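Enquirer: The sequence and its predicted three-dimensional model are supplied below.
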Amino acid sequence: MPKPLRDPKPMLDRVIDEWGGHEDLWVFGYGSLIWRPEFGFIERHPARVHGWHRALKMWSRVNRGTVENPGLVFGLLSGGSCRGMVFRVPAADGLETLGRLWLREMPTGVYDPKWLDCTTPHGSVRALAFTLSRRSPNFTGNLDDERYRHIFASAVGRYGSSLDYAYQTLLELRRHSIHDAALARLIRLVEHARFPESPDCGGSAAPVYPAAPSPRSSSKE
């Protein structure tokens, strides 16, 4: 495990304090949280945030690559807009869910957790999102197409390859009628060599994540 960039506990304490624990917790997913949330929720809705965009520009030296051959995962960078999904977690399960999210997303303190206004078909909600600073050492900066091809061809971590991660995200976004032209272009760099069919063929695939629990269910189940 790479050495932590920052102590993640103070950031968790801050988020818990800002949330307050009296209302349900909303979480915004823009990458693997959409198809592998790993926490219980009672609602999920498509959502858009303004002022931020999804970008495959964060080094991954454990999950999708190694220290010797880093892979890539998504970060939420400032600028533009991003369509993803919001999940509503019952207030009673909020602390446990935040603990799970910190173990998954914040072991090295790389993200900057922020509360963002998310527009959904049912109105606006304030949701927790894991953003990435361009000042972070894990921010890749601009990569050319040849670098992406090399990473897609070679970077593999404990959860699989960077290419599979990016491809699965594209499929799940399209399953929810979310079109990410930048991600689709990156996949096209290698799709003919790796995938015999267009990513659109995944539109009817079954979801990877479990169905939302009933309102009476707990994330502990």
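Expert: Yes, it's here.

Enquirer: which residues touch stretch 86-102?
Expert: Counting by CB atoms under 8 Å, 6 or more residues apart in numbering, stretch 86-102 makes contact with 8, 12, 15-16, 19, 21-29, 33, 37-45, 47, 118, 120, 125, 127-128, 215, 218-220, all of which sit outside it. To be clear about C-beta, it is placed using only N, CA and C from the backbone, and glycine gets the same treatment.

Enquirer: Poorly predicted segments of the protein, please.
Expert: 1-4, 192-221 (pLDDT under 70).

Enquirer: Strands of that one, residue ranges please.
Expert: Under the criterion DSSP state E, the chain contains strands at 25-29, 43-60, 71-89, 112-120, 123-131, 156-157, 160-161.

Enquirer: and these as JSON lines, adding mean neighbour count and distance to I178?
Expert: Conversion of the strands of the chain to JSON lines gives the following (neighbours: other CB atoms under 10 Å; distance: least, CB to CB, whole Å):
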{"stretch": "strand 25-29", "mean neighbour count": "24", "distance to I178": "11"}
{"stretch": "strand 43-60", "mean neighbour count": "20", "distance to I178": "7"}
{"stretch": "strand 71-89", "mean neighbour count": "21", "distance to I178": "5"}
{"stretch": "strand 112-120", "mean neighbour count": "18", "distance to I178": "13"}
{"stretch": "strand 123-131", "mean neighbour count": "18", "distance to I178": "16"}
{"stretch": "strand 156-157", "mean neighbour count": "17", "distance to I178": "25"}
{"stretch": "strand 160-161", "mean neighbour count": "16", "distance to I178": "22"}
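
Enquirer: Ok, which of these comes nearest H179?
Expert: strand 71-89 (8.1 Å; CB to CB).

Enquirer: CA atoms only for that closest one, dumped as CSV, please.
Expert: Written as CSV, here are the backbone C-alpha positions of strand 71-89 (Å, rounded to 0.1, in the frame of the first residue of the first chain):
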residue,chain,number,x,y,z
GLY,A,71,-2.8,2.4,-13.8
LEU,A,72,-5.7,4.9,-14.0
VAL,A,73,-8.9,5.6,-12.2
PHE,A,74,-11.4,8.4,-12.4
GLY,A,75,-11.2,11.6,-10.5
LEU,A,76,-13.7,14.5,-10.4
LEU,A,77,-11.9,17.6,-11.6
SER,A,78,-13.1,21.2,-11.5
GLY,A,79,-14.6,22.6,-14.7
GLY,A,80,-17.5,21.6,-16.9
SER,A,81,-20.2,19.3,-15.7
CYS,A,82,-20.7,15.6,-14.9
ARG,A,83,-23.6,13.2,-15.1
GLY,A,84,-23.6,10.3,-12.7
MET,A,85,-25.8,8.8,-10.0
VAL,A,86,-26.8,9.8,-6.5
PHE,A,87,-27.6,7.3,-3.8
ARG,A,88,-29.7,8.0,-0.7
VAL,A,89,-28.5,6.2,2.5
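
Enquirer: If anything else comes up later, I'll come back, but that's it for now.
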